[in-house]
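A.B. asks: Return atomic coordinates for the entry below.
(chains A, B and C)
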Amino acid sequence: MLEFAQAPQSNRRTLFVDVILPLAISRNYTYRVPFEMNDHIAIGKRVVVQFGKSRLYTAIVAGVGELAPEKYEAKYIIEILDNKPIVTERQLQFWHWVAEYYMCNEGEVMNAALPSALKLASETKVTLNKEYEFDKTLLNDKEFMITEALDLQPELTISDIVKLLGQKTVMPVLKSLFEKNIIHISEEVSERFKPRRKTFITLHPSYNNQDNLRELFEILERRAPKQADAVLAFIKLSRQQKTVTKAELIEDSGAGDGSIRALIDKEVFIAEERAISRLRYDEDEEAISTFTLSDVQQTALEDIQNQFASKDVVLLHGVTASGKTQVYIRLIEAVIATGKQVLYLLPEIALTTHIIERLRIYFGGSIGVYHSRFNDNERVEVWQKVLQGEYKVILGARSSVFLPFQDLGLIIVDEEHETSYKQYDPAPRYNARDAAVYLANMHKGKVLLGSATPSFETYYNARTNKYGLVELNERYGGVQLPLIEVVSIAAETKQKTMQSHFTSVLIADVQQAIENKEQVILFQNRRGYAPVLMCRVCAYTPKCINCDVSLTFHKHTGKLHCHYCGYKEDSPSICPACGSTHLEYKGFGTEKVEDELSVLMPDARLARMDLDTTRSRNSLQNILNDLEDKKIDVLVGTQMVAKGLDFADVTVIGIINADSLLKYPDYRANERSFQMLAQVSGRAGRRGKQGKVVIQTYDPSHRVIRQVIENDYADLYSTELEERKGFNYPPFYRIINIDIKHQNPEILYNQAEYLANELRKHFGERVIGPEAPLINRIRNYYIKSIMLKFERENTSMAKAKALIRETITQFQTTKLSKGSIVQPDVDPY
DNA sequence: AGCACGCCGACT
DNA sequence: GTCGGCGTGCTC
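C.D. replies: Numbering: from 1, shown residues only, chains lettered A, B, ... in the order given. All right, here's what the predicted structure looks like:
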C-alpha cells in the first residue's frame, strides 16, 4: 500500500487527469484526483480507475490539469500505483507519435509497450482485515465464500476470486466487502515482482588455514564421505568462479541437500540467501574486450562516426560475415563511455544465446536483454533497470523500442530489412526500424542500420543522401563467399536423376558433407507435409471451414491444419465428395523433406526447424544446442534457418525449391527472394573452408538467381527500382493499406466500394481497389483491401492520415458500416 | 475490451 | 406469458 503524506490543507485545488486506458478506444478519459492524492499525482504514474460499470483498469496518467470537464461528472481515481513515474514523458510523446503515424489508438500502443505485469489490475491482492470482527451470517453467499477462502489462504488475487466465484464481475462484491471494512485491497507493486533468491555458500574463514582444512578432511573422509565430497567440490568451484550457490554445489559434488545442511550446521559452510537478478549473467565474465578490428572494419567504424556528424541515420551495408557485430561493439563502447544508453535491435529469431553471450562478455551487467520469450517478471525487471539507467545497453526484439530509455545515444537496427520488425496483428502495426529513427531523434541520438541486403526504402534513403552510407564489402578473416550451384529440377527430372525432391547434385553434396563430418542446412519455405490434398478422381480439395485456404496435411498429427486460424480436422482416407480412395498430396513442406530424406539417408541424423518444432519456450534453443553439439547432420527448416544460425561446421546449404520464393505474387517478391537466398547462402562456410550452396529451381536463368550468384545487390536494386518507379511503388511512393472485413461477402462488397469511393473524393487516383486479397476470408471474415499510394515528395502524410481517419470515422457513423472491421496498415509489408 | 440495454425464438 | 440469444453503443 502506498502511504500518503499529509497534504497541506491549504492546498485545496481540484486536479483532473487525462489517462490512457489499455484499450482500443479512440480517446483518453478524464478522472478526478481525490484531494489527498494531489501531491502524489504525476504524469507517467499508473492509476487504478473504474471504467464502465464494474471494470477496473490500470491506466497511465498522460496529463494533469485543473479544468473540470463540462459535459459530465468525472469519476475519482481509485489509487495511485507508483511512487515514481514508470513511463517517461518522452515515452508518452513516442506513444502518441506511434498512434498517429500508424493510425491506431494510444491505448493499443500502451498495450504493446507495457509488460502485462505492469497493467494487471487483476493481480491486485485481497487480504482480510484482521483488526475487524464481523458477523459472517450477515454476508451474502458470495461474500461468505470470499471470507472463507481468505481464512484458508491469507491472500487472494482478483483473478483467484474470479475463479472462485466463477464469474467475471467481482468488483461489486469486493467493493461491498471493502466498504464493510472486512477486507484490504492492495496493489503491492514492489512485492509483486519477487526477486529471484539463491543461497550462496562460503567457507568459514577458519578453513582458509591449510592445517585446519586438512584436519577437517581427515575427519570427514572417515565419518561422512559425502560431506568431504561437498567440501572438495566447493574448493574446486570457488577456484573457477567468484561465487558458489548451493544448487551448483549439490549438482557438482553429488552430495545431497542434507550433507550441505550438516556442513552448515557444523559451521564449515556459511549459507547466505541473496536476491539475484533473474536475468543471469556470469559475473566472472567481466572480461575486457581484446579483439582488434581489421583495417577494413576500422575504416568503416571511423566512417560511420564521421557521417554521424552530419547524418542522424547511417546505413552499414556489409556482406554476410563481414564482422558487423564487432564494429557495433566498438560503437556501443564509445557511446556508453559518454554515459548514454544504446539500443541494439535484432529480429526475435536472431536473439539466440550465441549473440547474447557474446555481448555479455563485453558489457557484463550493464546489458539487458528483452524479447518475447521472456516471462513477464523478467520483462518488468528489464523495464525497471532501463528506467533507473542501470542498463546501458539493451539487446532486444522490436518491442524494446518501448522501453523507458533515459538518454539514448545510439540505436543499432541489425538486419534492418527483416520483415519481422513490422508488427501486423494486433495494432499498433508499427515498424520498429522506422519507429527507432523517430525515437532516436527524440533523444538526439543516432541510428545505425545494418544489413547485407538492405531494404529498398533504406537503400534509397542512403543513395539520396537522406541517410549516410558505409559499405563493408570484405568478409572478415578472409573467409570466401560460398560457391553457388544452380541445378535445374526440370533437367534432372528429364534425366530421371531426381530422388523425390532432391537433385542428384544436392544428394551428392549432402552425402559428402556428412562423410566429412560437416553439417547441412536444407531450406524449404513451407511447413507441414503437403499444402494441398487433392482427389485424383474429382479434384476435390479439403478447405478450411473458417478461411479461404486449402488445408495443409501434417504427418505428425495425421491431421489437416489451417495455417491461418489453427483449425484442424482428421485427414480423410476416402474423398468426401466422390468416395474415391485416390487422394494425392500436392506440393511439399519441411515435414515431407525431412521424411523423404530419412528414407534416402537412413543413417543421417535429421532435425527440423519450423514453427511447429519451435513453438515451446526452449525448443528453439534445444535445436540450436544440438546443432552446435553436432548431434544433427542435416537441419531442414523454413525461413528460420536463414536467420540467427551461425555455425562453423555448416558447409552445405540446399534450397529445395527456389521457385516458391520467386513466384510469390507481390511487388517485393524479387527483393525478398534475393534477401532470403543471400541470407541463407551466407550461412555456408566459415573460417578455413569455402561453403557450397545448391539452389534447386525450374528456372535456372531467372534474373534474381543470377544476381544472387554474382552477389550483385546493386544490380538487383537498379533493375527493381525501375519497375517500382513505373508502378508507383515504394520507395517512390508511400503505401497505406486499408483492410475492411465483414462476415458477409455481399455486405462487405458494398462497404468496401463505399469506403473506397469516399476516399477517392479526397485522394482520387491514389486510391486503388477495393480488391480481394490472395486469401479473401480468414476466421470467417471476408476481406477487401483498399490501397492508397502517396507520392513521397511534397505530400503531407500527417494531413493525408487525418483525412483518412476522418473518412473512416464518417463511414463508421453510417448504417452501412455495421458489423465491419476497418484496419489501416501504414507502410505495410 | 467488457458490459448493459434491447429486440426476437423455445420453454415453464 | 418468460428466459435468454447476441447485436449495438457507451464507458470519463
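A.B. asks: Going by C-alpha atoms from here, please, whenever you check contacts or count neighbours.
C.D. replies: Fine.
A.B. asks: Number of residues surrounding A:Leu114?
C.D. replies: 20 (other CA atoms under 10 Å).
A.B. asks: Strands of the stretch 1-150 of chain A, start to end?
C.D. replies: Taking DSSP state E, counting those that start in this stretch as the test, the strands found in the stretch 1-150 of chain A are A:15-20, A:29-33, A:46-51, A:55-65, A:79-80, A:125-128.
A.B. asks: Parallel or antiparallel, which strands does the fifth one pair with?
C.D. replies: What it means is strand A:79-80. Each strand that pairs with strand A:79-80, with its direction, by DSSP bridges: strand A:46-51 (antiparallel).
A.B. asks: returning to what we had before: of all the strands of the stretch 1-150 of chain A, which one is nearest DNA strand B?
C.D. replies: strand A:55-65 (5.3 Å; CA to the nearest atom of the strand).
A.B. asks: which residues sit in contact with A:Gln696?
C.D. replies: Going by CA atoms under 8 Å, 6 or more residues apart in numbering, A:Gln696 touches A:Val486, A:Val487, A:Ser488, A:Ile489, A:Thr503, A:Gly654, A:Ile655, A:Ile656, A:Asn657, A:Ala658.
A.B. asks: same deal with A:Val64?
C.D. replies: Here A:Val64 is in contact with A:Leu15, A:Phe16, A:Val17, A:Asp18, A:Ile41, A:Ala42, A:Ile43 (CA under 8 Å, 6+ apart).
A.B. asks: Put together JSON lines for the strands of the stretch 1-150 of chain A, with mean pLDDT on each row.
C.D. replies: As requested, those are arranged in JSON lines below (pLDDT from 0 to 100):
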{"stretch": "strand A:15-20", "mean pLDDT": "96"}
{"stretch": "strand A:29-33", "mean pLDDT": "95"}
{"stretch": "strand A:46-51", "mean pLDDT": "90"}
{"stretch": "strand A:55-65", "mean pLDDT": "91"}
{"stretch": "strand A:79-80", "mean pLDDT": "87"}
{"stretch": "strand A:125-128", "mean pLDDT": "74"}
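A.B. asks: would you list these in TSV and tack on distance to DNA strand C?
C.D. replies: Below are these laid out as TSV (distance: least, CA to the nearest atom of the strand, whole Å):
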stretch	distance to DNA strand C
strand A:15-20	8
strand A:29-33	4
strand A:46-51	4
strand A:55-65	9
strand A:79-80	13
strand A:125-128	22
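A.B. asks: just to revisit the earlier point, most neighbours, which of the contacts of A:Gln696?
C.D. replies: A:Gly654 (27 neighbours).
A.B. asks: In a strand, it, correct?
C.D. replies: Yes. With DSSP: H, G, I helix; E, B strand; the rest coil as the criterion, A:Gly654 is part of a strand.
A.B. asks: confidence score at it?
C.D. replies: For A:Gly654, the pLDDT comes out at 92.
A.B. asks: Number of residues surrounding A:Ile270?
C.D. replies: By other CA under 10 Å, neighbour count at A:Ile270 equals 17.
A.B. asks: List of residues touching stretch A:470-484?
C.D. replies: Here stretch A:470-484 makes contact (CA under 8 Å, 6+ apart) with A:294, A:296-297, A:300, A:303-304, A:314-323, A:681-682, A:684-695, A:709.
A.B. asks: Just the CA trace of that stretch, in CSV.
C.D. replies: This file holds the C-alpha atoms of stretch A:470-484, laid out as CSV (Å, rounded to 0.1, in the frame of the first residue of the first chain):
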residue,chain,number,x,y,z
VAL,A,470,29.1,2.9,-45.3
GLU,A,471,30.0,-0.2,-47.2
LEU,A,472,31.8,-3.2,-45.8
ASN,A,473,32.5,-5.5,-48.7
GLU,A,474,35.0,-7.9,-47.4
ARG,A,475,34.3,-11.0,-45.4
TYR,A,476,36.1,-10.9,-42.0
GLY,A,477,39.2,-13.0,-41.7
GLY,A,478,39.4,-13.6,-45.5
VAL,A,479,36.5,-16.1,-45.5
GLN,A,480,35.5,-16.8,-49.0
LEU,A,481,32.0,-16.4,-50.3
PRO,A,482,30.3,-19.7,-50.9
LEU,A,483,30.2,-21.4,-54.2
ILE,A,484,26.7,-21.3,-55.6
